[in-house]
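[1] how would this look folded up:
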Amino acid sequence: MGLLDGKAVVVTGAGRGIGRGHALQFAKAGAAVVVNDIDAEVAAEVVDEIEALGGRAIANTGSVGRKAGADSIVQACVEAFGKIDVMMANAGIARDRTFLKMSEDEFDEVMNVHVKGTFLCHQAAALQMKAQGSGGCLISTVSAAHFGNFGQTNYAGAKGAIASMTYTMAMELARHGIRVNAISPSGTTRMSDTYVGPDGKKHPMPFIDPKLNGPVLVYLCSDEGNYISGQVFGTGGERIALLEQPKYGHTLLMPGGWTVEAVQAHFKANLGNRLEPLGITKPPYPFADGIHPPQPQ
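    Model (predicted):
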């Protein structure tokens, strides 16, 4: 018996890397899986792997960034398995470029796949779950890049948007029995090869098996996880990390409101020493000495 016996699951971007790992873990837990990927050949290969394990799966090549594509993905799940219980919005691309060199197309392409793709796939799945009256589970994919990552204004912005969408969808869909969570997965993939450190240079990363994200997903999507919604978890490797949700921190109050002079008098001593470190690795706050324009040569 698996935790997801009888469940029907969609995994987008499931042909390679972390998405493939998700699909295999869902299948091992007893779920029937729609393996969605725009590359039909790799999607078929994952289906073959699942069937070799004794599981059930179908391949699908619908485009997540178009409503017709997202609707067709959900419809394929219903036609094959009679329903949908889980939508795992994993599909993603990277178009890395420093901010001043990033093109409009590079920005739009990433937003379309990540943000719009997550919105469309989750909306299509949630409408079907509501019609079924069965509840369900939506899982989004964020990234530590939304803490800030060099060369990824588009990708980081998209992942931050998805985190905020997760909180809102969780509030709205609870009345329909639909849980909404997100994971920030880790794993060695083609996309992880794009990682650039705070120094702006690529660095070798240790190998992390992409399949190690799956056990947390299985639990989140199981009936045992029905109390979890509106949360973001760091997964993969040896960790399960609960992301602290955005909140206002240390606050200064001034009766009657702040004046410029009062800000000058109190800001640096009371907030200036609390400014947040930036980026995935959270180094010490980097701008303590100020941010200045380049000096003339």
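[2] can you give me the helices in the chain?
    17-28, 40-52, 67-81, 104-111, 117-132, 153-173, 214-221, 260-270 (DSSP state H).
[3] Point out where the stretch 51-200 of the chain drops to low pLDDT.
    In the predicted model of the stretch 51-200 of the chain, residues 189-200 satisfy pLDDT under 70.
[4] between the helices of the chain, which gets nearest to V232?
    helix 153-173 (5.6 Å; CB to CB). Just so you know, the C-beta spots here come from the backbone N, C-alpha and C atoms, and that holds for glycine as well.
[5] That closest one: which residues count as buried?
    153-163, 165-167, 169-170, 173 (16 or more other CB atoms under 10 Å).
[6] Once you drop chain neighbours, what's closest to the residue nearest to the spatial centre of the chain?
    Note on the chain: the residue nearest the mean C-alpha position is T141, at 1.5 Å, using CA atoms, centre = their mean. Nearest-residue entry for T141: N90, 5.1 Å, with adjacent residues in sequence omitted and distances by CB to CB, 6 or more residues apart in numbering.
[7] tell me the contacts of that neighbour?
    11-14, 18-19, 22, 141 (CB atoms under 8 Å, 6 or more residues apart in numbering).
[8] which of the helices of the chain sits most buried?
    helix 17-28 (a mean of 26; mean count of other CB atoms under 10 Å).
[9] Give me the residues contacting that one.
    Contacts of helix 17-28 (CB under 8 Å, 6+ apart): 2, 4, 7, 9, 11-14, 33, 35, 37, 42, 46, 49-50, 53, 55-57, 86, 88, 90-91, 141, 185, 187, 189-191, 209-215, 217-218, 221, 236.
[10] Any of these buried? List them.
    Counted by 16+ other CB under 10 Å, those give 4, 7, 9, 11-14, 33, 35, 37, 42, 46, 49-50, 55, 57, 86, 88, 90-91, 141, 185, 187, 189, 191, 210-215, 217-218, 221, 236 as buried.
[11] Quick check: strands, which of the residues you listed are part of them?
    Among those, the residues falling in strands (DSSP state E) are 9, 11, 33, 35, 57, 86, 88, 141, 236.
[12] Next one: the residue lying closest to V218 once chain neighbours are set aside from V9, what distance?
    Excluding the flanking residues, the one nearest V218 by CB to CB, 6+ apart is A29, at 4.5 Å. Using CB to CB, to the nearest Å, A29 is found at 9 Å from V9.
[13] cool, and L243?
    Taken as CB to CB, the span from L243 to V9 is 23 Å.
[14] what does N213 give?
    N213 sits 14 Å away from V9, going by CB to CB.
[15] Equivalent analysis for P277, please.
    For P277 relative to V9 (CB to CB), the value is 37 Å.
[16] now do A44
    18 Å.
[17] A126: which of the contacts of N90 is nearest?
    Distances from A126 to these, taken by CB to CB, are shortest for T12, at 14.7 Å.
[18] Surely that closest one touches V64?
    Yes: between T12 and V64 there is a contact under CB atoms under 8 Å: 5.2 Å.
[19] Now do A174: how many residues are near it, please.
    Using other CB atoms under 10 Å, the number of residues around A174 comes to 14.
[20] so who does it touch?
    Counted by CB under 8 Å, 6+ apart, A174 has contacts S229.
[21] So that it lines up with my notes, have the first residue be 38 from now on.
    Sounds good: first residue 38 from here, last item A211.
[22] Report the separation between it and G267.
    In terms of CB to CB, A211 sits 8 Å off from G267.
[23] Ok, A128 next?
    22 Å.
[24] just to revisit the earlier point, could the contacts of N127 go into CSV alongside distance to D326?
    As requested, the contacts of N127 are exported to CSV (distance: CB to CB, whole Å):
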residue, distance to D326
V48, 46
T49, 44
G50, 42
A51, 47
I55, 39
G56, 43
H59, 44
T178, 37
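[25] Out of those residues, the closest to L137 would be?
    T178 (27.6 Å).
[26] what is that closest one paired to in the beta sheet?
    I220 (DSSP bridges).
[27] Quick check, it in contact with A200.
    No: under the criterion of CB under 8 Å, T178 is not in contact with A200, lying 10.1 Å apart.
[28] Give me the common contacts of the two.
    A219.
[29] quick revisit: closest to E298 out of the ones in strands among the buried ones among the contacts of helix 54-65?
    T178 (46.8 Å).
[30] give me every residue that touches the closest one.
    With CB under 8 Å, 6+ apart, T178 has these contacts: 55, 125-127, 129, 155, 196, 199, 219-222.
[31] And R216, by the same measure?
    172-175, 207, 210, 257, 262-263, 265-266.
[32] Tabulate these (TSV), appending distance to Q165.
    Shown next, in TSV, are the contacts of R216 (distance: CB to CB, whole Å):
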residue	distance to Q165
G172	11
G173	8
C174	13
L175	11
A207	18
L210	12
L257	19
G262	20
N263	19
I265	21
S266	18
